[in-house]
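J.: this one's structure only:
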């Protein structure tokens, strides 16, 4: 079995935003204190914001014979269940109305697709992991248990069931929208 490795880097637009943020703070410092301070502030803000963005976007996703590793989290191969490649709509549904509050998530807003990995460990409270990836079908194939792509209208996986107190009320529920 091969190993697939992917770094979940932030897109160039986010780096441009960091530069714009640093320039804006440099301009404020220029107006208040003058050029030397402005340059120092702009550089300091760029370094700090850049370091934070690098830290956020430097997570490594690795799938292979040892299982799935996302950053420091590790799901061993014997605990990997069915792996579902999610397109953008499927990921959005699984993270929204189809979500399970117990799920372990490692998602990035700049990556639309993801994989859902069923957890077969009875001691683990998370029923599944959802991990952002740019190539979900490759991750599913690498882990060796592809369940096929899922669309939001397919199946009832992760659907919300009302609690017994909500379902037992005699009054009709109104939608606040």
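T.: Great, that's in hand. Every value quoted in this text rests on a predicted model; they were computed, and no experiment measured them. Numbers count the residues shown, from 1 in each chain.

J.: Can you list phi and psi of the residue of the chain positioned farthest from its centre for me?
T.: The outermost residue of the chain relative to its centre, with distances by C-alpha atoms, centre = their mean, is residue 34 at 41.5 Å. Phi and psi for residue 34, reported as degrees, to the nearest 10, are phi 110, psi 170.

J.: Numbering from 59 from now on, please.
T.: Sounds good: first residue 59 from here, last item residue 92.

J.: Residue 137 versus that one, what's the distance?
T.: 59 Å (C-beta to C-beta, to the nearest Å). In short, each C-beta sits where N, CA and C put it, glycine included.

J.: ok, now residue 87?
T.: Relative to residue 137, and taking C-beta to C-beta, residue 87 is found at 52 Å.

J.: go on, residue 179?
T.: 4 Å.

J.: the more surrounded of the two?
T.: residue 137 (17 against 13; other C-beta atoms under 10 Å).

J.: Quick check: closest non-adjacent residue to the residue nearest to the spatial centre of the chain.
T.: For the chain, the residue nearest the mean C-alpha position is residue 165 (0.2 Å; C-alpha atoms, centre = their mean). Of all residues not flanking residue 165 in the chain, residue 190 sits nearest, at 4.6 Å (C-beta to C-beta, 6 or more residues apart in numbering).

J.: Residue 120: neighbour count?
T.: Around residue 120 there are 18 residues (other C-beta under 10 Å).

J.: Next, the buried residues of the one helix or strand it maps to.
T.: Assigned by DSSP states H and E, residue 120 belongs to strand 118-122. Across strand 118-122, burial judged by 16 or more other C-beta atoms under 10 Å covers 119, 120, 121, 122.

J.: The closest residue to the first one other than its chain neighbours - how many residues pack around it?
T.: Looking back up the chat, that one is residue 119. Leaving out its chain neighbours, the residue that sits closest to residue 119 by C-beta to C-beta, 6+ apart is residue 64, at 4.7 Å. Counted by other C-beta under 10 Å, the residues lying close to residue 64 total 19.

J.: what do you get for residue 78?
T.: Residue 78: 10 neighbours (other C-beta under 10 Å).

J.: so it, which of the three states?
T.: Secondary structure state of residue 78, per DSSP: H, G, I helix; E, B strand; the rest coil, is helix.

J.: Report the contact partners of it.
T.: By C-beta atoms under 8 Å, 6 or more residues apart in numbering, the contact list for residue 78 is empty.

J.: again, but for residue 138
T.: Here residue 138 is in contact with 125, 126, 175, 176, 177, 178, 201, 203 (C-beta under 8 Å, 6+ apart).

J.: Those residues in helices, which ones?
T.: Using DSSP state H, residue 201 are the members of the contacts of residue 138 that sit in helices.
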